[in-house]
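Q: Pasted the sequence and its predicted model underneath.
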Amino acid sequence: MTERLVVVHPDAAVVAEAAAARLLTRVLDAQSQRSPVHVVLTGGSVGIATLAAVARNPVRAAVDWSAVHVWWGDERFLPDGDPERNETQARDALLRSLGDALPAGNVHAVPAPGNGVGTPEQAAALYAGELAAFAPGGAATPAFDVLMLGMGPDGHVASLFPGHDALAAEGVSTVGVHGSPKPPAERVSLTFEAIRAAREVWVVAAGPEKAQAVASALSGAPVTQTPASGVCGLERTLWLLDAASADVTG
Ligand SMILES: O=C(O)[C@H](O)[C@@H](O)[C@H](O)[C@H](O)COP(=O)(O)O
C-alpha cells in the first residue's frame, strides 16, 4: 500500500536542500538493503538545484556511487552537450564533481539526435532497451529507488503534458514527444507505467505559478488535465513544495 506525504518548506532554496538531504539519506538506506540503487533525475530549476545541493552536501561522501545508477525521467531531444539538455545540466550540477567515483557506465543518458538517432521515437526505443537491460527478469525498467519529477504550471511532469497522447501510452516505458508547450518541442519521456514502477516518486515544485496545479493534482484532477495527478510510487509518493506552491489561497 503506497503512502502520500506532502511536505512544505519556506522557499525554493530550502526545497532543493531538503530534497538533496532526503535523496542522500534515501540512497544510503537503500544501499544498506540492495545493490545497485537506481535514481531517476529530473530537469527543471528545482530538480537541478537539488543536484547542486547534493554536490555541496558532505554526506555525498558516504554514498558508494559505484553502486548507483542514474537515469532521466525525460530529456529534451537536443544534441549531446547542448546546455539545454537535462543531462548536460545534471553533469554540470553534480555528476562531473563525482568524477570516477560514479562510473560512466552507471550514467544512462537518453540518446541524443545523431549517430543513427533521427527522431524522438528512435531515442525513446533505444532508452527503453537500456532500461530493460538493467531490469530484473523480464521487467521493463529497474525498480527505481527514487524517481524525482519537477512539475510545470500546467501540471506536467517529465514530458507528459496535458492533453497529449503520451499520457495514455500503455505497454511501453518511454515515448517520443512532439509539440511540447515547454521548449524544446521534441522530447523523450518515461511513461506513467515506468514512473509508477518506482518505489518512491518525488515531486519537487516551487513558486506561486505552480499552486493551482499542485491543488489540482492533490485533489485528484483528471490526469489529462493535470498529469501530476497520475504520479504514484509503489511505496511512497512524496511532494516537496515551497509555501508559495502549496498556497491554494494565493
Ligand atoms: O525537461 C524539463 O523541462 C523538465 O523535466 C520538466 O518536467 C520540469 O521538471 C518542469 O517543467 C518543472 O520545471 P521548473 O522546476 O523549472 O518549473
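A: Sure thing, it's come through. Numbers count the residues shown, from 1 in each chain.
Q: which residues in this structure form strands?
A: For the chain, applying DSSP state E gives strands covering 3-9, 37-41, 68-72, 74-76, 146-150, 174-177, 187-190, 200-205, 236-242.
Q: Looking at these, spot the one closest to T226.
A: Closest to T226 of those is strand 200-205 (C-beta to C-beta; 11.6 Å). The C-beta positions use only the backbone N, C-alpha and C, and glycine is treated the same way.
Q: Would you mind finding the most buried of the strands of the chain?
A: strand 187-190 (a mean of 31; mean count of other C-beta atoms under 10 Å).
Q: Output that one as PDB, nothing but the C-alphas.
A: This file holds the C-alpha atoms of strand 187-190, laid out as PDB (Å, rounded to 0.1, in the frame of the first residue of the first chain):
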ATOM      1  CA  ARG A 187      11.400  15.400 -26.200                       C
ATOM      2  CA  VAL A 188      11.700  11.900 -24.800                       C
ATOM      3  CA  SER A 189       9.800  10.900 -21.600                       C
ATOM      4  CA  LEU A 190       9.200   8.000 -19.300                       C
END
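Q: Point out where the protein drops to low pLDDT.
A: For the chain, residues meeting the criterion pLDDT under 70 lie at 250.
Q: follow-up on the earlier one: can I get the strands of the chain in JSON lines including distance to the ligand?
A: Output for the strands of the chain, formatted as JSON lines (distance: least, C-beta to the nearest ligand atom, whole Å):
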{"stretch": "strand 3-9", "distance to the ligand": "14"}
{"stretch": "strand 37-41", "distance to the ligand": "9"}
{"stretch": "strand 68-72", "distance to the ligand": "8"}
{"stretch": "strand 74-76", "distance to the ligand": "5"}
{"stretch": "strand 146-150", "distance to the ligand": "2"}
{"stretch": "strand 174-177", "distance to the ligand": "10"}
{"stretch": "strand 187-190", "distance to the ligand": "7"}
{"stretch": "strand 200-205", "distance to the ligand": "7"}
{"stretch": "strand 236-242", "distance to the ligand": "11"}
